[in-house]
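Undergrad: below: sequence and its predicted model.
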Amino acid sequence: MTSPRKPTTPAGQPAKAVTYQHTMIFGFIAAMVVFVSTVIFTQAWKSLTALGLSVLYTAITFVVVTAVAALLNWVTRNDTQHENTEFPVLK
């Protein structure tokens, strides 16, 4: 089996940013952690209101975490500060 290729820059170096699909996956994982923990800690199986709030917290977590991860990914993609380094950075 071959492993999937990592995105590379024109110089052949590995890219420092990930795909936006990975930011969605990260947001989903964070939301599932929040959902499980809020259901357990609030005992949401006993009350429909607590279950509804757990779902609301999960949706908010998904949106916020995905947005922050996508923003950080966008900043990383557009970083041109160290693009043309033609000398050794560490000597």
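TA: Perfect, I can see it now. Numbering: from 1, shown residues only.
Undergrad: buried stuff in stretch 33-45?
TA: 34-35, 38-39, 42, 44 (16 or more other Cβ atoms under 10 Å). C-beta coordinates here come from the backbone N, C-alpha and C atoms, glycine included.
Undergrad: could I get those as CSV with distance to Val63?
TA: CSV is the format used below for those (distance: Cβ to Cβ, whole Å):
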residue, distance to Val63
Val34, 12
Phe35, 14
Thr38, 16
Val39, 19
Thr42, 20
Ala44, 20
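Undergrad: could you list the low-pLDDT ranges of the chain?
TA: Applying pLDDT under 70 to the chain picks out residues 1-16, 81-91.
Undergrad: list the contacts of Leu51.
TA: Contacts of Leu51 were listed using Cβ atoms under 8 Å, 6 or more residues apart in numbering, and they are 39, 44-45.
Undergrad: run through who's touching stretch 25-37.
TA: Under Cβ under 8 Å, 6+ apart, the answer for stretch 25-37 is 54-55, 57-59, 61-63, 65-66, 69.
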